[in-house]
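Undergrad: Kindly generate the corresponding structure for this input.
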Amino acid sequence: MDTSPAFGQADLSNCERELIHLAGSIQPHGVLLVLRERDGAVVQASANCEALLGLPAERLLNQSLASLGGDLEARVRQLAAAPDLR
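TA: Residues are numbered from 1 along each chain as shown. Predicted structure coming up:
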C-alpha cells in the first residue's frame, strides 16, 4: 500500500513520517556542520565535507566558519540572532 501523498497534497504532517529526523545519514548534496553556540566553532562535521567543501572534516574541527571563506559566518550569525528560529 502506497502511503505517499498525491502531488500537491503534502503538509507538515507528511514530514513527520520522513526518516530525515533519524541520525546517521546526510543527503549526498549537503554537509552537516555542528557549531558551538558561544563562538561558532565547528564541533562536528559530516564525512562528506572533503568531497563538497574541499576540506576534510578533521581540518574543520574547532575552526570558525570564516575558515570556509565567503560570508557564511556572517550569515549564520545573522540567522542565529533571529528571535524566532522556528
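Undergrad: Could you check the top helix by length along the chain and say which residues are buried?
TA: Scanning the chain for the helix with the most residues, using DSSP state H, yields helix 72-80. Using 16 or more other Cβ atoms under 10 Å as the test for burial, helix 72-80 gives Glu73. Using the backbone N, CA and C atoms, a C-beta is placed for each residue, glycine as well.
Undergrad: Use 412 as the first number from now on
TA: Got it, first residue is 412 now, which makes that one helix 483-491.
Undergrad: Give the rounded mean pLDDT of that helix.
TA: The pLDDT scores in helix 483-491 average 89.
Undergrad: and what of stretch 466-477?
TA: 93.
Undergrad: Can I get that stretch in PDB? Just the C-alpha atoms.
TA: Output in PDB follows, covering the C-alpha atoms of stretch 466-477 (Å, rounded to 0.1, in the frame of the first residue of the first chain):
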ATOM      1  CA  LEU A 466      38.400  20.300   3.300                       C
ATOM      2  CA  PRO A 467      38.300  17.000   5.300                       C
ATOM      3  CA  ALA A 468      36.100  17.000   8.400                       C
ATOM      4  CA  GLU A 469      39.100  16.700  10.700                       C
ATOM      5  CA  ARG A 470      40.500  20.100   9.400                       C
ATOM      6  CA  LEU A 471      37.200  21.800  10.100                       C
ATOM      7  CA  LEU A 472      37.000  20.800  13.700                       C
ATOM      8  CA  ASN A 473      37.500  23.700  16.200                       C
ATOM      9  CA  GLN A 474      37.700  26.200  13.200                       C
ATOM     10  CA  SER A 475      35.300  29.000  12.700                       C
ATOM     11  CA  LEU A 476      33.000  29.200   9.700                       C
ATOM     12  CA  ALA A 477      35.200  32.000   8.400                       C
END
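Undergrad: What ranges does this structure have for its strands?
TA: 444-446, 453-456 (DSSP state E).
Undergrad: would you list those in a markdown table and tack on mean pLDDT and distance to Leu483?
TA: Shown next, in a markdown table, are the strands of the chain (pLDDT from 0 to 100; distance: least, Cβ to Cβ, whole Å):
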| stretch | mean pLDDT | distance to Leu483 |
| --- | --- | --- |
| strand 444-446 | 93 | 9 |
| strand 453-456 | 95 | 11 |
